[in-house]
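In: build me a model from this:
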Amino acid sequence: MPVVGRSAAFFDLDKTVIAKSSALAFGRPLYRDGLITRRDVVKTAFAQLTFRMTGADDRTIARIRDYVAQLCKGWQVEQVRQIVAEALEELINPYVYAEAAALIEQHQAAGRDVVLVSASGDEMVRPIGALLGVTDVIATRMAVENGRYTGEVEFYAAGPGKVEAVQKLAGERGYDLAESYAYSDSISDAPLLEAVGHPSAVNPDRALRRLAAERGWPVLEFRHPIPLGRRLREQRAVPVAAAALGVGVGVAIGVAWYGRYRRARTTAG
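Out: Here you go, the predicted structure:
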């Protein structure tokens, strides 16, 4: 009899676990302080929307990767981590979907490992995971030398990179992907959803909603962002089952912009 491997649950981040785009969340305070222009905000929002709605070819993925890498070049890693820690409470914590947090807890209670899978930088995704009690993260990793980003990317968790990382982790830990779960809102993550036996579309964009209907995948609607502290006090998250209807590029850019803001303020001071 063949040995049955363990199963895991893989969660995308923006609009799946948190109710907003992390990049745009960081962009607002930077724009308010005059550190980025309205054109920057609009351009980034449009690029992110296009990517999430239609996916991206290899050339587009490479262009975004290289832009983020050069934007972060020379920054101190510890400075970025401090920026993230200071910003999480205001910009991320109030926007975690209660339904996502409850679903993560359900998978953990069932004995499954939960993994956040995001194109966003590891320095951002890992602290968000900590808020949720999730220690396993697949995220973009920047090359570091002498405590500073070099302008190179060691691993970019977008496009095929996401699926390759999931498959590699499954091989290392003995996950049975046919018995595993994945959740995302974007058609760009169709390969990730197709890689597991139990995919679900969460707040799906139009293209993913259509694909889910064609494949008979469950569609979940998450509608209740609640600060984790409040949710834990109440212990009454919105039931995930009630949300069923039948069946991170951005964060890295946001961290980069916020770091520019911090650096400018430090220099000015």
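
In: in the stretch 1-150 of the chain, where is pLDDT below threshold?
Out: 1-5, 21-61, 68, 71 (pLDDT under 70).

In: strands of the stretch 151-269 of the chain, residue ranges please.
Out: Ranges of strands within the stretch 151-269 of the chain are 181-184, 198-202, 219-220, based on DSSP state E, counting those that start in this stretch.

In: redo the ones you listed as TSV? Include mean neighbour count.
Out: (C-beta placed from N, C-alpha, C; glycine too.) What follows is those, written out as TSV (neighbours: other CB atoms under 10 Å):
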stretch	mean neighbour count
strand 181-184	27
strand 198-202	23
strand 219-220	22
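
In: make TSV from the ones you listed and add distance to E90 and mean pLDDT to it.
Out: Compiled in TSV, those are given as follows (distance: least, CB to CB, whole Å; pLDDT from 0 to 100):
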stretch	distance to E90	mean pLDDT
strand 181-184	25	98
strand 198-202	24	98
strand 219-220	27	98
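
In: R148: which of those strands is closest?
Out: Evaluated over the strands of the stretch 151-269 of the chain, closeness to R148 peaks at strand 181-184, with 32.6 Å, by CB to CB.

In: which residues touch the closest one?
Out: 7-12, 16, 100, 103, 107, 112, 117, 189, 192-193, 195-196, 198-202, 208, 220 (CB atoms under 8 Å, 6 or more residues apart in numbering).

In: for the stretch 1-150 of the chain, just list every one of the helices.
Out: 22-32, 38-54, 58-72, 77-91, 98-109, 122-132 (DSSP state H, counting those that start in this stretch).

In: got the buried residues for the fourth one?
Out: By neighbour count on 16 or more other CB atoms under 10 Å, the buried set for helix 77-91 is 80, 83-84, 87, 91.

In: farthest pair within those residues?
Out: V80 and L91 (14.6 Å).

In: would you confirm that N93 contacts P225?
Out: No. Using CB atoms under 8 Å, N93 makes no contact with P225, being 9.7 Å away.

In: burial check on I18, number of neighbours?
Out: Here the number of neighbours of I18 (other CB atoms under 10 Å) works out to 24.

In: how close does the residue lying closest to it once chain neighbours are set aside get to R6?
Out: Counting by CB to CB, 6 or more residues apart in numbering, Y95 is the residue found nearest to I18 once chain neighbours are left out, at 4.9 Å. Using CB to CB, to the nearest Å, Y95 is found at 31 Å from R6.

In: name all residues that make contact with A157.
Out: Contacts of A157 by CB under 8 Å, 6+ apart are 117-120, 138-140, 165, 248.

In: what subset of those residues is buried?
Out: 117-120, 138-140, 165, 248.

In: in strands only, show me those residues.
Out: 117-120, 138-140 (DSSP state E).

In: specify which member of those residues is nearest to G159.
Out: Relative to G159, and with distances defined as CB to CB, the nearest of these is A119, at 8.5 Å.

In: ok, the closest one touching V137?
Out: No. Between A119 and V137 no contact is recorded; they are 12.0 Å apart, counting by CB under 8 Å.
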